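S.K.: predicted model, plus sequence, below.
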Amino acid sequence: MQPKRTHKLLSTLAASLVALALGHAARAADATTAPAATAAAAPAPTDTLAKPSWLSDLTLGDKESYDDNVLLVSGKGLKPVASWVNDLSFKVGINIADLLGSPAEIKTFTFAYAPERVWYSHDSQEDYTAHRFITTLKAKSGDWSVGADESFVYVDGSKLAEFYALNQLSGAAANQNDKYRNNYAHSVARERRNQDQDRYSVFVQYDQPDFFFRPVSSLTFYKLNTYLFNSSAAPYLGYQNYVDRYDVNVGADLGYKAAPNIAFTLGYRDGYQNQAELPTYISSDHHYSSNHYQRVLVGLEGKPESWLTAKLAVGPDFRDYNPNTPINDLHTTRFYGEGVLTATLPQNQTLSLTYKQWYFVASTGFAPYEDISYGLAYHWNATPEWSLDLGAKYLEANYTLGNDVAGSAPSLRDDLDYAFSAGITYNITKNLAASVAYNFDDGRNGLSGLAAKYQANYRDFLHDVTTFGLTYKF
């Protein structure tokens with residue numbers, strides 16, 4: 001779809017939503033000012049848009065953003081490209097339990113489909129359509145409870161990945177400085193490429209007064225459908241190759257209920273991580289970092305205070321990497337940790353802190369990396385109409401466990417990203433809301449003393465996105 005046509009479509013949609021909102025407001029005004037006799041003679045109109053009880057969600061969204069650095073480059077080689085971004089989204093949710101009249105033991109059983117179409121006015125290569133399918137199940141019968149969450153997304157985007165070369169010249173004239181960019185630069189563009197992602201988590205819990213036993217399983221799956229090319233030769237100099245990868249594990253937790261609302265846990269996970277191997281015409285060293293792991297976890301979960309919810313787990317990760325992994329110690333023990341703290345504060349405020357530290361296989365390189373993230377989110381419903389959201393993140397991708405210098409790009413790196421977000425939402429009517437948001441990323445190199453050939457300064461970037469949006473909930 002052409003940008004002008006897109007703008008016309010979105011403008012028409014926005015105008016329709018506003019007209020609908022004004023119509024609701026006008027009807028409300030007439031109802032409050034009409035004489036009593038008139039009100040008695042003419043019953044109030046019914047809401048023809050009222051949805052059935054089994055239709056849990058029906059939402060339409062329209063956002064317009066300005067992205068000042070679409071590929072998150074440093075500007076020391078490739079120059080940042082800015083673009084207006086149109087984002088049209090829709091979500092329909094079905095309460096399957098209500099629709100089928102499920103037994104009382106099934107507390108929640110929902111399915112949602114949420115498509116999203118995104119256009120970049122100055123870089124159509126980044127256009128994509130995402131199809132998201134979300135399923136949630138919660139059930140309880142006596143001492144037994146079950147929970148399952150599954151999220152699948154198919155991104156119908158370009159199968160041609162990004163190019164980070166200044167030109168396609170060979171020999172001394174070649175200039176590919178941006179091939180050593182920050183890990184968090186290409187990860188943003190990667191999410192817009194043609195791919196399949198799947199995530200699930202499931203548990204079955206048996207409760208007793210003093211303890212519980214909980215078998216669990218989870219999956220994180222990425223299948224990139226982008227083309228693979230030899231990026232060391234023209235016409236594909238600087239081309240970014242992506243590989244498939246996944247993490248799957250099973251295990252169990254044993255919990256001791258130290259108090260009615262708090263439990264200490266001891267857990268075990270047996271898992272496997274897979275990283276696809278690049279074809280030999282791209283890399284002849286057969287490096288990839290697939291591995292088997294066993295994890296022992298101690299944790300705490302529940303409500304230490306009436307206003308505080310906590311779930312924490314830490315422990316050793318025993319890793320066995322395959323012989324082709326470019327690290328010195330194939331049998332290594334590493335730290336694993338994750339946690340969520342959520343505080344419900346006075347005056348309709350919530351504050352949450354998230355943390356995760358673990359080892360995963362890379363989408364671009366051969367060496368495994370330590371993925372560290374801290375997140376802080378604040379929400380305040382100031383009035384029935386106004387709400388405020390603030391967020392901050394610290395991200396780190398530490399690849400210093402190994403260094404593959406034989407491949408197309410050295411993996412000796414420790415990349416950082418400092419992110420901040422702020423947003424304000426105004427509820428125009430019960431159904432219609434307007435919002436404005438700002439997101440900022442500061443990407444940096446976390447290593448010092450690197451040789452000049454690694455171009456550490458090209459790993460820095462700045463990224464700003466400003467967004468205006470309308471959301472209508474039926």
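M.R.: It's in.

S.K.: I'd say residue 88 and residue 114 touch.
M.R.: No - checked against C-beta atoms under 8 Å, the pair residue 88 and residue 114 is beyond contact range at 11.9 Å. (Glycine included, C-beta is placed from N, CA and C.)

S.K.: list the helices and strands the helix or strand containing residue 300 packs on?
M.R.: Counting by DSSP states H and E, the element that carries residue 300 is strand 291-305. If you count contacts as 3 or more C-beta pairs under 8 Å, 6 or more residues apart in numbering; DSSP states H and E, strand 291-305 packs onto strand 245-259, strand 262-275, strand 308-321.

S.K.: could you dump these into a markdown table with distance to residue 468, mean pLDDT and mean neighbour count added?
M.R.: Converted to a markdown table, the helices and strands packed on strand 291-305 look like this (distance: least, C-beta to C-beta, whole Å; pLDDT from 0 to 100; neighbours: other C-beta atoms under 10 Å):
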| stretch | distance to residue 468 | mean pLDDT | mean neighbour count |
| --- | --- | --- | --- |
| strand 245-259 | 36 | 97 | 17 |
| strand 262-275 | 40 | 98 | 17 |
| strand 308-321 | 33 | 98 | 17 |
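
S.K.: can you redo those strands as TSV with distance to residue 159?
M.R.: Shown next, in TSV, are those (distance: least, C-beta to C-beta, whole Å):
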stretch	distance to residue 159
strand 245-259	18
strand 262-275	20
strand 308-321	30
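
S.K.: I'd like the next helix or strand past the strand or helix carrying residue 388.
M.R.: Following DSSP H and E, one finds residue 388 within strand 386-398. Downstream of strand 386-398, the next assigned helix or strand under DSSP H and E is strand 414-427.

S.K.: just want the angle from that following strand to strand 386-398.
M.R.: 170 degrees (axes from the mean of the first three to the mean of the last three C-alpha atoms, to 10 degrees).

S.K.: which strands or helices does whatever helix or strand comes next after strand 414-427 pack on?
M.R.: Downstream of strand 414-427, the first helix or strand assigned by DSSP H and E is strand 432-445. Packing partners of strand 432-445 (3+ C-beta pairs under 8 Å, 6+ apart): helix 3-33, helix 183-190, strand 414-427, strand 461-473.

S.K.: how far off centre is stretch 345-360?
M.R.: Per C-alpha atoms, centre = their mean, to the nearest Å, the displacement of stretch 345-360 from the mean C-alpha position of its chain is 15 Å.

S.K.: avg pLDDT for it?
M.R.: Averaging pLDDT along stretch 345-360 yields 97.

S.K.: kindly report the same for stretch 213-229.
M.R.: On average, stretch 213-229 scores 98.

S.K.: so for that stretch, what gets flagged as buried?
M.R.: Applying a neighbour-count criterion of 16 or more other C-beta atoms under 10 Å, one finds 214, 216-226, 228-229 buried in stretch 213-229.
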